[in-house]
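Q: sequence first, then the predicted structure:
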Amino acid sequence: MIFELDLPLEYRLEAGWLARWAEALMQGTALARSCRQCGRASFVPERICDCGCSEGSWKPVPGKATVIRRTSGLDGNFGFVRFDGADTCAVVALEGFEAGDRRGELIAPAGSLPKLIIRPIHEEVPD
């Protein structure tokens, strides 16, 4: 059984503490959050580090990533990636990737919403 409903929604979301990160994404650049206590760099930023510290600073990272896992679906191709200079992983949209592509670079999204999108670059996977 399927129920069809028309649910128009209008809302406004404030970026809050993620404003600098979102602004960087819109320009196609990457900012990680570096924990003040242990130095762990998270990209996508985490408000509270695994060590329990909630204080950190913004750290530019290169915007290049290694694809660890990938999947395809009705909404496109996605990857679980680790950005160079970050200690965490992120899920991103993969734009223009072919089967053997393992490296990508962050690009600025089209439109007015910040999105994590990478395009392939042809270079060796770092150690």
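A: Perfect, thanks for sending it. Being a predicted model, the structure only gives us computed values, none of them experimental. Numbering: from 1, shown residues only.
Q: the longest strand anywhere in the chain: which residues count as buried?
A: When the chain is parsed with DSSP state E, its longest strand is strand 64-73. Residues of strand 64-73 classed as buried by neighbour count (16 or more other Cβ atoms under 10 Å): 64-65, 67, 70. For glycine as for every other residue, the C-beta is placed from the backbone atoms N, C-alpha and C.
Q: and if you look at stretch 7-27?
A: 18, 21, 24-25.
Q: for whichever helix or strand comes after the longest strand of the chain, name the packing helices and strands.
A: Toward the C-terminus, strand 64-73 is succeeded by strand 76-83 as the next helix or strand (DSSP states H and E). Packed against strand 76-83 by the contact rule (3 or more Cβ pairs under 8 Å, 6 or more residues apart in numbering; DSSP states H and E) you find strand 64-73, strand 89-94, strand 103-106.
Q: need the contact partners of strand 76-83.
A: 30, 32, 43, 61-72, 88-95, 97, 104, 106, 118 (Cβ atoms under 8 Å, 6 or more residues apart in numbering).
Q: now do it against strand 89-94, angle only.
A: 140 degrees (axes from the mean of the first three to the mean of the last three Cα atoms, to 10 degrees).
Q: if we can go back for a sec, just the C-alphas of the longest strand of the chain, formatted as CSV.
A: Extracted C-alpha coordinates of strand 64-73, given in CSV (Å, rounded to 0.1, in the frame of the first residue of the first chain):
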residue,chain,number,x,y,z
LYS,A,64,42.4,15.4,-1.8
ALA,A,65,41.0,12.1,-0.7
THR,A,66,41.5,8.3,-1.1
VAL,A,67,38.4,6.2,-1.8
ILE,A,68,38.1,3.3,0.6
ARG,A,69,34.7,1.9,-0.4
ARG,A,70,32.2,2.9,-3.1
THR,A,71,28.6,2.2,-4.0
SER,A,72,26.1,3.2,-6.6
GLY,A,73,22.4,3.9,-6.1
